[in-house]
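> Sequence below, structure please.
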Amino acid sequence: MPKILLIEDDEQLARFLMRFLNAEGYSTDYASGQKEGMRLFEETRYDCVLLDVSLKDGNGYSVCAAIKSAGDTPVIFITASADEACTVAGFEIGADDYIGKPFGTRELLARMKNVMRRHQRAPALLQCSGVTIDPIKGIVYKHGDEIAMSALEYRLLLVFFSNKNQMLSRDRIAEELWSMTKEFVSDNTLSVYIRRLREKIEDNPQEPQIILTVRGLGYKAVDG
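The predicted model follows:
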């Protein structure tokens, strides 16, 4: 039975979600604040954490950062603070998904299943031409040195390395990113982030050797 940790300061909502999740076959523990939530997390291995941003004795960003520093447990923010800045902040510290209140229980369930499925099939390491992704830690290395990346840059590189030596159309890349974040990435935004990615992983971004352009078709990550 999958185990879920719910950290939410709205006790009425928490009781409702616990009843729903238990009825769906999940075992759910509940904490209303940061301290109690971290105590439960340290005592039990969970399959997913549902986390509010605003807590009685702290904030969800700190909790998410602590959870991600400890391993690969998926974290979904459930919060009324669903503006772009809050969403970006959540993804920057490693959140796997973000759902704004009010939300449908079936949508929440689908997102939980999606992030847990992604974590179950995540390989230990993804490597290509001297660049390595550690999906468990969410870190990228080039020749052993860590590369700082934004959340979207990281997810874009994950798409390329998960489909190494395969030609990916721009539409396919956008679809893969949508499946991860449920956010639309425009054609212009994709071009900008591919350029930024090349600037970080290529020895010479003007003559890329890792992420190649397939003229008129799309892109390909090649292992040289």
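
> ok, now how distant is residue 219 from residue 59?
Applying C-beta to C-beta, to the nearest Å, the value for residue 219 to residue 59 is 38 Å. In this view, the C-beta of every residue, glycine as well, is placed from N, C-alpha and C.

> Give me the distance between whichever strand or helix holds residue 42 and the centre of its chain.
Assignment of secondary structure by DSSP states H and E places residue 42 within helix 34-43. Here helix 34-43 is found 21 Å from its chain centre; the criterion is C-alpha atoms, centre = their mean, to the nearest Å.

> circling back: neighbour count winner among residue 219 and residue 59?
Just comparing residue 219 and residue 59: by other C-beta atoms under 10 Å the higher neighbour count belongs to residue 219, 21 against 14.

> just checking, what packs against whichever strand or helix holds that one?
Taking DSSP H and E as the criterion, residue 219 maps to strand 218-221. Packing partners of strand 218-221 (3 or more C-beta pairs under 8 Å, 6 or more residues apart in numbering; DSSP states H and E): helix 151-162, helix 170-181, strand 211-214.

> Quick one: residues in contact with the second one.
Which is helix 170-181. Residues outside helix 170-181 that contact it (C-beta atoms under 8 Å, 6 or more residues apart in numbering): 91, 97, 114, 118, 152, 155-156, 158-159, 163, 168, 183-185, 187, 190, 218-219.

> Check the shortest one too.
When contacts are defined by C-beta under 8 Å, 6+ apart, strand 211-214 is touched by residues 160, 167, 194, 197, 198, 201, 202, 219, 220, 221, 222.

> of the residues you listed, buried ones?
160, 194, 197, 198, 201, 202, 219, 220, 221 (16 or more other C-beta atoms under 10 Å).

> mind listing what the residue nearest in space to the middle of the chain touches?
The C-alpha lying nearest the average C-alpha coordinate of the chain belongs to residue 96 (C-alpha atoms, centre = their mean; 3.0 Å). Applying C-beta under 8 Å, 6+ apart, we find residue 96 in contact with 74, 75, 76, 115, 118, 119.

> Give me the neighbour count for the second one.
Neighbourhood size, residue 75 [other C-beta under 10 Å]: 25.

> Repeat that for residue 169.
Neighbours of residue 169 using other C-beta under 10 Å come to 12.

> Does anything pack onto the helix holding residue 42? Which helices or strands?
strand 3-7, strand 27-31, strand 58-59, helix 60-70.

> ok, the closest residue to residue 107 other than its chain neighbours - contacts?
Among residues not flanking residue 107 along the chain, residue 99 sits closest, at 6.9 Å (C-beta to C-beta, 6 or more residues apart in numbering). Neighbour list for residue 99: 76, 77, 78, 82, 107, 108, 111 [criterion: C-beta under 8 Å, 6+ apart].
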